[in-house]
Each structure stands twice: as structure tokens, then as C-alpha cells.
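I would like the atomic coordinates for the input below:
(one chain, ligands or ions: 2)
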Amino acid sequence: MIKAEGIYKRFGDLDVLNGIDIEIASSEIVSITGPSGAGKSTLLQILGSLEKPTKGKVYLNDIEISALSKSKLAQTRNEEIGFIFQFHHLLPEFNALENVCIPAFIGKKAKKRTEERAMGLLKRLGLSDRALHKPNELSGGEQQRVAVARALINDPKVIFADEPSGNLDSENALQLHELFIDLRNEFGKSFVIVTHNTELASMSDRQLQMKDGLLLS
Ligand code: ADP
Ligand code: MG
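Numbering: from 1, shown residues only. Ligands and ions are numbered 1, 2, ... in the order given. As a prediction, the model looks like this:
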């Protein structure tokens, strides 16, 4: 589903990724662990088309996304790819429901249908009664679940999560990772999850380790 071949990334004279080959199957949950500075976030950004590799190719369902034009790339990212970050990156002046709807509105989806879908997702994530609250009125776990709903609103094929539980206590972190597994089981999404926590990483289908810009085998 996602395939990357011979990925190199250099920032100035710093070699951050040194030849990465990776394939993620449909409905697969893959975790990536490794020391700080190993290049995990850079790899995730390249797989998610937020960043271009210096060398190498990234395919999403056989389409080479690393070669798409800027506008086509933005459209593909909006429709096919979801992101969850360590800090929720919710917009503070909008409530939970509005935050979840934003990627759909960017994709020019109809307002009413989008809001219904967003409410359905919030309900699924146990947040029905939090929908009209702003991020600063939500707990850390709730904020991160709103971010999950936002990542799901456009029904993407794959979700990239960069240390999504890095800012949560252990109970909420475990719940979040269990939620990823449930969502894969229910909706068949693929997840690529970077985490420092080896226990949480071990819940995935496949564990990858990174060091010095390479995947360890
Ligand atoms: P990790 O997520 O594993 O901690 P990163 O991918 O964030 O690692 O970073 C790997 C290396 O690349 C680090 O040395 C970091 O400073 C460097 N780096 C990341 N992004 C940039 C950038 N935009 N410009 C310059 N250097 C960067
Ligand atoms: Mg990182």
C-alpha cells in the first residue's frame, strides 16, 4: 500500500536518512522505535509526503507520490493520508467538532454531511459530550482523541502518528494505542506509529527499529 525505495534525506551537510526501504501493507500496524535523532520523524514526514526525499521514491498504491505536482500532492495527502502528532495541533479557537471537520472542508466536502460524520467519529471515540468544547477545555487524552477523529474524517488509507502518546500518562497512552488497533480492526486502516515506548510498540503487527538513518533488520 505504501512503498518506499532507496530513501535518502540530507539537510545541508547532515545525512539524516541513509537508504531506507520499507513497505506497509493495507490494514497493517507498524511501529518504529529508535533513539532521538535517528531520523524517525523525517522518515514519517517523507512517507506521508510532507517532506520530499533527497533521493528515492515513495509510492502510495502504486502512484509515485514523490513525483506528483504540488497541488495534486496536496489533494492526495488530504484524501488518503492522516497525521497525528505528539502535540495535538488542534486550533485553539475552534471547538472539537469544528477541528475534526477542517480537513474535510479543505477538501471541499459538504458541510452538513461532514458535520454528521464528525459527530459520528466523536461518538465512536467517546467524545459526544465534548464536541462543543474548545481544546483547552479537554483533557490531554481527549485532545488526542479529537486529533484521531480529525485524522479519520476524510477516510484516509493510512495514518502516520509521530509519538502520539508522548505527552500522555501511561493509562491514556495505552488506551490510545488500543484505539489504533480497534480502528484498524473496524476500518482496515494502516498505521505507522513512532513511539519511544517499547511496550506500546510491541502491540503493533511489526516492529521496526531505526538508528543513524537506517532501519535495523
Ligand atoms: P527523530 O524523530 O528520530 O528524533 P528526526 O527525524 O527528527 O529524528 O531528526 C533526525 C536528524 O535530522 C536530527 O539531527 C535533526 O536535527 C535533523 N533534522 C530534522 N529536520 C531537520 C530540518 N528541517 N533541517 C535540518 N535538520 C533537520
Ligand atoms: Mg521525532
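
let me see the contact set for the residue nearest to the spatial centre of the chain.
Central residue of the chain (Cα atoms, centre = their mean): F160, 2.3 Å from the mean position. Taking Cβ atoms under 8 Å, 6 or more residues apart in numbering as the contact definition, F160 lies against L44, L47, G48, I81, G82, F83, I84, F191, V192. C-betas here are computed from N, CA, C, even on glycine.

can you name the two of these that are farthest apart?
For these, the maximum inter-member distance is 13.8 Å, found between L47 and I84 (Cβ to Cβ).

which residue ranges of this protein form strands?
2-11, 14-24, 29-33, 55-60, 63-64, 81-84, 158-162, 190-194, 206-211, 214-216 (DSSP state E).

what residue in the chain comes nearest to ligand 2?
Per Cβ to the ion, the residue of the chain with the smallest distance to ligand 2 is S41, at 3.2 Å.

I figured that residue was touching T195, is that so?
No - using Cβ atoms under 8 Å, S41 is not in contact with T195, being 11.9 Å away.

more neighbours: which of those two?
T195 (24 against 20; other Cβ atoms under 10 Å).

report the contact partners of the closest residue to that one other than its chain neighbours.
Closest residue to T195 apart from its sequence neighbours, by Cβ to Cβ, 6 or more residues apart in numbering: A201 at 5.3 Å. Applying Cβ under 8 Å, 6+ apart to A201 gives the contacts S31, I32, T33, I193, T195, Q207.

and the protein, which residues reach ligand 1?
Within the chain, the positions lying close to ligand 1 (Cβ under 6 Å from any ligand atom) are F11, L14, V16, G34, S36, G37, A38, G39, K40, S41, T42.

run the last query once more with 5 Å
Within the chain, the positions near ligand 1 by Cβ under 5 Å from any ligand atom are F11, V16, S36, G37, A38, G39, K40, S41, T42.

residue contacts, S41?
So S41 contacts D162, V194 (Cβ under 8 Å, 6+ apart).

for R124, see how far away it is.
Distance of S41 to R124, given as Cβ to Cβ, to the nearest Å: 28 Å.

then E23?
From E23 to R124 the distance is 29 Å (Cβ to Cβ).

what's the answer for V100, then?
11 Å.
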